[in-house]
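In: Here you go, sequence then predicted model.
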Amino acid sequence: MNQQSYELFSPRFHFYTAKEYHPNWEELFHEAYKLALKISKNIAFDKNPLSRTILQKRKLIALYKTLKALFINMRRMAKGNHNFIPLFYIWTMTNACNFRCSYCSDHRHHKYPDLYKQGHNKDLTTAQGKKLIKIMKDSTAIYFCGGEPTLRKDLPELLDYSTKLNMFNMINTNGSLIGDLLLKPTYKKFLSQMDVIIISLDSLNISQLSDIYETKESIARKVLRNILTLRILQNYVPFKLVANTVITKETIEESFDILDWCNDLGICFSPVSANIGHEPDYDLLNHPRYKILTKKIIERTNQGYPMIASARMLEKLLRASDIHCYPTVFDHIDHTGELFWPCKTYPQAVKITYNSALS
């Protein structure tokens, strides 16, 4: 990384127009570049050109397992059998979180940090986590989430274990800690092992972002810096960078800006409409500006800009229409190692324990 790469990676905006209350992007990018330079001296670079493609052995094995599971699931569906093979496991590693987002929900009307404070804080040990991952290994992928998964000090060790089992690795994080963590020796292999990094981004207005997350503006600013840092680093290490935006009535206009910002920077955009409990927020769905935003997202998807899903799927999700849920495709594991059946959002869901297998 040198002056030439600095100029190559510096933001160039086509769709996005900075607002007066948005940060100074030149200044923020300069900070991100300096951080990326420091991180590049710590992280492991795989010089094998195949490691940057789907031809990497681990990814090939994961792809094979995915296609095999899809084939079996399709045959079962044709027979009316919905006992599907999970395509990936969603693991809530901890309820602990350093944010308290206004829209936060564990899909059961609770906020993760509140659960943690109320005593739901007995996370699996590292040894138990590895046993859980071993149970998951016949699936394709593992989705590390929380709470805030980067608060777990053993995350790199657990990621290393899932990688050795040839799993596809994804993480959903608020992004506030990742920049500093990547400077640590324990995170040396993190970027080369993590295939998809999803970071919450709900506003480009730092003041509004700090209000949404109930954190200091300096921390909210760090989230933006860290996203820019990861955008630079993904030119050297193969991982997919995703910005996950929860759209509320209060953040519709900022969501327009985030869409443009992500499209200009080549960051995958993942829009999510806020719910009220288990139900869609119909006031949001019927809001005139939300309808225009949805149309714009679909148009950009059809134009080939990186999105988390196809135009058809995004249209269904954002408009809450014609959605068929098959919960056993994505099994949700709680921080205790228990499986919600059939689905965490289902009010009468029961927990299936793996305690005997994890002890």
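Out: Yes, it's here. Worth saying up front: this structure is predicted, and the values here are computed from it rather than measured. Numbering: from 1, shown residues only.
In: Would you mind measuring from His335 to Gly80?
Out: Counting by Cβ to Cβ, to the nearest Å, the gap from His335 to Gly80 is 34 Å. For glycine as for every other residue, the C-beta is placed from the backbone atoms N, C-alpha and C.
In: between these two, which one's more packed in?
Out: Regarding His335 and Gly80, a neighbour count based on other Cβ atoms under 10 Å identifies His335 as having more, with 23 against 6.
In: And the next helix or strand past the longest strand seen in the chain?
Out: The strand of greatest length in the chain, counted in residues with DSSP state E as the criterion, is given as strand 240-247. Where DSSP states H and E defines the elements, the next helix or strand beyond strand 240-247 is helix 252-265.
In: Now do the helices in the stretch 51-200 of the chain.
Out: 57-78, 112-117, 126-136, 155-164, 178-181, 190-193 (DSSP state H, counting those that start in this stretch).
In: Dump those helices into JSON lines; add mean neighbour count and mean pLDDT as well.
Out: Putting the helices of the stretch 51-200 of the chain into JSON lines (neighbours: other Cβ atoms under 10 Å; pLDDT from 0 to 100) gives the following:
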{"stretch": "helix 57-78", "mean neighbour count": "14", "mean pLDDT": "90"}
{"stretch": "helix 112-117", "mean neighbour count": "18", "mean pLDDT": "94"}
{"stretch": "helix 126-136", "mean neighbour count": "18", "mean pLDDT": "94"}
{"stretch": "helix 155-164", "mean neighbour count": "19", "mean pLDDT": "96"}
{"stretch": "helix 178-181", "mean neighbour count": "19", "mean pLDDT": "98"}
{"stretch": "helix 190-193", "mean neighbour count": "22", "mean pLDDT": "94"}
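In: Can you tell me which of those is nearest to Ala44?
Out: Of all those, it is helix 190-193 that lies closest to Ala44, at 5.6 Å by Cβ to Cβ.
In: Show me what the closest one is in contact with.
Out: Helix 190-193 is contacted from outside by 43-46, 51, 156, 159-160, 163, 169, 181-182, 233-234, 237-239, using Cβ atoms under 8 Å, 6 or more residues apart in numbering.
In: do the same with stretch 126-136
Out: Outside of stretch 126-136, the residues within contact range by Cβ under 8 Å, 6+ apart are 86, 89, 91, 93, 124, 142, 154, 157-158, 161-162, 165, 167, 333, 337, 354, 357-359.
In: centre of the chain versus it, how much separation?
Out: When distances are taken as Cα atoms, centre = their mean, to the nearest Å, stretch 126-136 is centred 21 Å away from the chain's centroid.
In: got it, and stretch 152-166?
Out: The answer for stretch 152-166 is 17 Å, by Cα atoms, centre = their mean.
In: Kindly report the same for stretch 218-237.
Out: Averaged C-alpha coordinates place stretch 218-237 at 14 Å from its chain's average position (Cα atoms, centre = their mean).
In: for the record, mean pLDDT for that stretch?
Out: Taken as a whole, stretch 218-237 carries a mean pLDDT of 96.
In: for it, which positions count as buried?
Out: Under the neighbour-count criterion of 16 or more other Cβ atoms under 10 Å, stretch 218-237 has 219-234, 236-237 buried.
In: Roughly how far does the residue sitting furthest away from the middle of the chain sit from Lys68?
Out: Note on the chain: the largest separation between a C-alpha and the mean C-alpha position, by Cα atoms, centre = their mean, falls on Lys79 (33.5 Å). When Cβ to Cβ is the yardstick, Lys79 and Lys68 sit 17 Å from each other.
In: what does Ala309 give?
Out: Relative to Lys68, and taking Cβ to Cβ, Ala309 is found at 22 Å.
In: just Gly337 next, same as before
Out: Gly337 sits 26 Å away from Lys68, taking Cβ to Cβ as the criterion.
In: remind me which residues of the stretch 1-150 of the chain are low pLDDT?
Out: Scanning the stretch 1-150 of the chain with the threshold set as pLDDT under 70 gives 1-4, 45-55.
In: Pull the contacting residues for Ala18.
Out: By Cβ under 8 Å, 6+ apart, the contact set of Ala18 is Trp25.
In: In terms of helix, strand or coil, where does it fall?
Out: coil (DSSP: H, G, I helix; E, B strand; the rest coil).
In: what about it, distance to Trp261?
Out: Using Cβ to Cβ, Ala18 is found at 9 Å from Trp261.
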